[in-house]
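Enquirer: Got a sequence here, can you build the structure:
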Amino acid sequence: MSRHELTDQQWAVIEKLIPKRKAGRGRPQADPRNTLNGILHVLKTGCPWADMPRKYGSYTTCWRRLKEWQRTGIWERIWRKLLQLLDEHGVLDWSIGFLDGSFVSAKRGGDGVGITKIGKGSKVMTIADGNGLPIGIYVTSANHHEIKLVQPILKSVRVPRKRGRPRSRLKELVADRAYHSQDFRRFLRKRGIKPTIPLKKNSKKRKGRPVAVGDGYKQRWKIERCFAWMDNYRRLVVRYERYIQHYKAFCMIALILLCVNRIVALF
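Expert: As a prediction, the model looks like this:
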């Protein structure tokens, strides 16, 4: 077994979340585990689709599965189901969250690609829980300032819950100086979230206004570690996909694997 393939324990977690194809006429469905292993090989190694090993079947089948499941929302649905399982076992830490964005180069262009001072690319916004596990993601063009993307990324934090169970909510959000904004602070407070954001160096310090941000800011390395985890998947380091939804599909699969590893360690 290749180190890029799913182990039996990982497959046992994912298998029950994969939709079953109805039996009918036409070509038989490719083995779902084998197809998923082919997608993971491209995600982890960053190789072109045509260079995917033949043991995983046709690379066009794997590519179509990636595209189809992104279009129908299956990747995101699997990710949120895994987050729900982790939340039910108390793994997610909602006492504090961490927000940041990362630039991804996209020299081939495509939709969702913006021109910045450091080149053409996209931006991946992520919110991690107190343990550094991603619970929200938003992928868009890089020519947007991060402060304008805070509402979409906060809306992406949606963990399903069972009926009768209260919804889990963040109590504190840590971000760097780029997110300093009175409007953003008010936006968080209205939702019962404490903002832990340092002032910009050119900000006017008002009388009685606290400058210290507390101990929560000292843990901001967790969001940097979260991006480091995602960068272990080489297909995410540089965007080769012409369509942003295909790149987002790879991001979703990376988040799925992070959750699966936590679940395997839990049980």
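Enquirer: so where is the protein shaky, pLDDT-wise?
Expert: The chain contains residues with pLDDT under 70 at 1, 23-26, 164, 202-214.
Enquirer: Where do the strands of it begin and end?
Expert: For the chain, the strands defined by DSSP state E cover 97-105, 114-116, 119-128, 134-141, 172-174, 194-196.
Enquirer: Show me what the lengthiest helix in the chain is packed against.
Expert: Longest helix of the chain, by residue count under DSSP state H: helix 244-266. The contact analysis (3 or more Cβ pairs under 8 Å, 6 or more residues apart in numbering; DSSP states H and E) places helix 244-266 against helix 8-15, helix 32-45, helix 59-71, helix 74-88, strand 119-128, strand 134-141, helix 221-231. C-beta: built from backbone N, CA, C; applies to glycine.
Enquirer: what packs against the third one?
Expert: The one in question is helix 59-71. Using 3+ Cβ pairs under 8 Å, 6+ apart, the elements in contact with helix 59-71 are helix 32-45, helix 244-266.
Enquirer: Now do it and helix 244-266, the angle between them.
Expert: Counting by axes from the mean of the first three to the mean of the last three Cα atoms, to 10 degrees, helix 59-71 lies at 90 degrees to helix 244-266.
Enquirer: again with the first one
Expert: Between the axes of helix 8-15 and helix 244-266, defined by the same axes, to 10 degrees, the angle is 130 degrees.
Enquirer: What residues of helix 8-15 count as buried?
Expert: Residues of helix 8-15 classed as buried by neighbour count (16 or more other Cβ atoms under 10 Å): 10, 11, 13, 14.
Enquirer: And residue 47, how close does it get to residue 234?
Expert: Residue 47 sits 8 Å away from residue 234, going by Cβ to Cβ, to the nearest Å.
Enquirer: The helices and strands packed on helix 59-71: which one's closest to residue 21?
Expert: helix 32-45 (8.6 Å; Cβ to Cβ).
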